[in-house]
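J.: Task: produce atomic coordinates for the following.
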Amino acid sequence: MAGRRGLPKPILILVGILVVAVAVWWFLVRSDAPSAPDLATAAETAAAAQASTTSAASATTMQATTTAAPATTASPATTTAAPATTASPATTVAPTADPSGTWTVDPDIGSFHDFTSSWVGYRIDEELGKGIGATTAVGRTPLVTGTVEVRSGVAASAEITADLRGLASDRIYRDGKVFEVLHVDRHPEAVFVMAEPVPLTAGATEMSATVPGTLTVNGVSVAVDAALEVTLVGDVLAVVGTLPVVLADHDVVAPSASIVISVADSGVVEFQLFLTRAVGGTG
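T.: Numbering: from 1, shown residues only. Coordinates of the predicted model:
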């Protein structure tokens, strides 16, 4: 009969504690927060997007040439070989001659599933209760629109709008609290407007700058300085950066929950943007 007994009660209690600890770590402490935006990674995405577009165009050209070939019966071999020279641009991204013009956020570059698309988001620290520790909350929205006007070597104006209703983090319960404190039902958009023209480095395809502007969140506008990096990859402007945000400045009360005892009163807005020239722009 002794052999049919269950585990001693102390061991069962220990096992239960371990199970609860693992569950708390998995659902509350473990963080799937993505890393901060990186210009090199953004540049790779911009290049890949254009390479795939060039490959598709080359394939279309090849098909059209092959279809047209029977009209010339003298030398089909030469006609078949010709497309080989059109395929090489797939791995080479030619630079835009002149960045002057109107550039708009392109939603078709990259994917939000792996954060290779355009997005705007937040990064802020949380303190968890019951001795669990701290974590970093990161939420992002791919619902981004905006334009940048470049004239005569100067970024003359810029306005970027993010739809906060698209914000998502690795915690559903957090997202609900964020929507609540930001009052997205009444103020669904966050907007950054550049305050003054910013000179561009002549002849450069990459630069960093501190850009003064106005950030509007929860219907309240505050002057901020955005630290950004820009690179021109072929016909795509890739922009990454951050700008500081103080919750109280925008009349935002830090969210709380049963497990979250405090949220930092300040954080950063992060962004990654891919812009392409508007139809009718000059280059």
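
J.: which stretches of the stretch 151-283 of the chain have low pLDDT?
T.: Residues of the stretch 151-283 of the chain that meet the criterion pLDDT under 70 lie in 256-262, 280-283.

J.: which residues in it form helices?
T.: Assigned by DSSP state H, counting those that start in this stretch, the helices in the stretch 151-283 of the chain fall at 172-182.

J.: check contacts around the closest residue to Ala278 other than its chain neighbours.
T.: Nearest residue to Ala278 in three dimensions, chain neighbours excluded: Thr102, at 4.2 Å (Cβ to Cβ, 6 or more residues apart in numbering). All C-beta spots, glycine's among them, are computed from the backbone N, C-alpha and C. Neighbouring residues of Thr102 by Cβ atoms under 8 Å, 6 or more residues apart in numbering: 147-150, 277-278, 281.

J.: Quickly name whichever of those residues is closest to Val245.
T.: Distance to Val245, by Cβ to Cβ, is smallest for Val148 among the contacts of Thr102, at 21.2 Å.

J.: hey, what's the closest one bridged with?
T.: Trp103, Ala158 (DSSP bridges).

J.: how near is it to Leu182?
T.: For Val148, the distance to Leu182 equals 25 Å [Cβ to Cβ, to the nearest Å].

J.: wait, doesn't Val220 sit right on His250?
T.: Yes. The criterion here is Cβ atoms under 8 Å, and Val220 meets it with His250 at 4.5 Å.

J.: Please say which of these two ends up with more neighbours.
T.: Applying other Cβ atoms under 10 Å to Val220 and His250 shows that His250 carries more neighbours, namely 19 against 13.

J.: who are the neighbours in contact with that one?
T.: 217-218, 220, 222.

J.: now it: how far from Pro37?
T.: Distance of His250 to Pro37, given as Cβ to Cβ: 22 Å.

J.: Check Val220 too.
T.: 25 Å.

J.: The residue lying closest to Glu180 once chain neighbours are set aside: what's it in contact with?
T.: Using Cβ to Cβ, 6+ apart and skipping the chain neighbours, the partner closest in space to Glu180 is Pro255 (6.8 Å). Listed by Cβ under 8 Å, 6+ apart, the contact partners of Pro255 are 174, 177-178, 180-181, 263.

J.: Neighbour count added to these, as a markdown table?
T.: Shown next, in a markdown table, are those (neighbours: other Cβ atoms under 10 Å):
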| residue | neighbour count |
| --- | --- |
| Arg174 | 21 |
| Lys177 | 17 |
| Val178 | 22 |
| Glu180 | 12 |
| Val181 | 17 |
| Val263 | 22 |
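
J.: what's the farthest-apart pair in the residues you listed?
T.: Checking the contacts of Pro255 with Cβ to Cβ, the most distant pair is Glu180 and Val263, at 12.7 Å.

J.: ok, back up a step: give me the buried subset of the contacts of Thr102.
T.: Neighbour-count burial (16 or more other Cβ atoms under 10 Å) is assigned, among those, to 148-150, 277, 281.

J.: Let's have those in CSV, adding distance to Pro199.
T.: CSV is the format used below for these (distance: Cβ to Cβ, whole Å):
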residue, distance to Pro199
Val148, 14
Glu149, 14
Val150, 11
Arg277, 20
Gly281, 20
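
J.: can you tell me which of those residues lies nearest to Val211?
T.: Checking these one by one against Val211 (Cβ to Cβ), the nearest turns out to be Val148, at 10.5 Å.

J.: So, low pLDDT: which residues of the stretch 1-150 of the chain?
T.: Scanning the stretch 1-150 of the chain with the threshold set as pLDDT under 70 gives 1-7, 9-32, 53-97, 128-133.

J.: Now with 50, please.
T.: Residue ranges of the stretch 1-150 of the chain with pLDDT under 50: 1-3, 20-30, 61-62, 64-69, 71-95.

J.: Can you list the residue ranges for strands in the stretch 151-283 of the chain?
T.: Assigned by DSSP state E, counting those that start in this stretch, the strands in the stretch 151-283 of the chain fall at 154-163, 189-194, 198-199, 206-217, 220-233, 236-246, 260-263, 266-277.

J.: In JSON lines: those strands, plus distance to Gly139.
T.: What follows is these, written out as JSON lines (distance: least, Cβ to Cβ, whole Å):
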{"stretch": "strand 154-163", "distance to Gly139": "11"}
{"stretch": "strand 189-194", "distance to Gly139": "12"}
{"stretch": "strand 198-199", "distance to Gly139": "28"}
{"stretch": "strand 206-217", "distance to Gly139": "13"}
{"stretch": "strand 220-233", "distance to Gly139": "19"}
{"stretch": "strand 236-246", "distance to Gly139": "13"}
{"stretch": "strand 260-263", "distance to Gly139": "12"}
{"stretch": "strand 266-277", "distance to Gly139": "10"}
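
J.: That concludes my questions; thank you for your assistance.
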